[in-house]
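S.K.: need coordinates for the below:
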Amino acid sequence: QVQLVESGGGLVQAGGSLRLSCAASGRTFNTYAMGWFRQPPGKEREFVAAISGSGSSTNVADSVKGRFTISRDNAKNTVFLQMNSLKPEDTAIYYCAGKKWGTVPFNTPDYWGQGTQVTVSS
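M.R.: This next block holds a predicted model:
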């Protein structure tokens, strides 16, 4: 069983930045592709970004390309989402997810975090 705990969400003005972190339990973190998904108010959950177990491959959604960057630190069992130039439409609950031996991108995670709220004011 893998537990994922997100942190770093909050309220920010449009144009600002936030960095989300997701800490994972377990000793086989580098065997998991990791990703971020989000669920805007009243909408379905959507893919944001993913990174391979080694960190050598990444993929980001077109809606955030050039603004969001995913990275990971396997020594610390942590994956990050750096969000720059935030827009009000980025407002959502952001979820960390992991998939054992997953490819990038993926849409059927094995594990989900509890989510962290990101609110971007105009």
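
S.K.: need the contact partners of the helix or strand where residue 23 lies.
M.R.: Assigned by DSSP states H and E, residue 23 falls within strand 18-24. With Cβ atoms under 8 Å, 6 or more residues apart in numbering as the test, strand 18-24 has contacts from 2-10, 12, 32, 34, 36, 76-83, 86, 94, 96, 98, 113, 116, 118. Using the backbone N, CA and C atoms, a C-beta is placed for each residue, glycine as well.

S.K.: mind listing what it pairs with, with the direction of each?
M.R.: Applying DSSP bridges to the sheet, strand 18-24 is found paired with strand 4-7 (antiparallel), strand 78-83 (antiparallel).

S.K.: thinking again about what came up before, quick one: buried ones out of the contacts of strand 18-24?
M.R.: 2, 4, 6, 8-9, 12, 32, 34, 36, 77-81, 83, 86, 94, 96, 98, 113, 116, 118 (16 or more other Cβ atoms under 10 Å).

S.K.: now do the closest residue in space to residue 85 that isn't next to it in sequence against residue 41, distance only.
M.R.: In this structure, residue 85 finds its nearest non-sequential neighbour in residue 67, 4.7 Å apart by Cβ to Cβ, 6 or more residues apart in numbering. Remark: distance between residue 67 and residue 41 (Cβ to Cβ, to the nearest Å) = 20 Å.

S.K.: in the sheet, who's paired with the spatially most central residue of the chain?
M.R.: Closest to where the C-alpha atoms of the chain average out (Cα atoms, centre = their mean) is residue 36, at 2.5 Å. Going by DSSP bridges, residue 36 is paired in beta bridges with residue 49, residue 96.

S.K.: for this structure, identify the residue most remote from the centre.
M.R.: Note on the chain: the largest C-alpha distance from the chain mean falls to residue 122, namely 22.6 Å (Cα atoms, centre = their mean).

S.K.: contacts only, for that residue.
M.R.: 14, 88.

S.K.: could you check the distance from it over to residue 20?
M.R.: Here the distance between residue 122 and residue 20 works out to 21 Å (Cβ to Cβ).

S.K.: swap in residue 6?
M.R.: Separation of residue 6 from residue 20 (Cβ to Cβ): 6 Å.

S.K.: hey, what's in contact with both of the two?
M.R.: 94, 96, 116.
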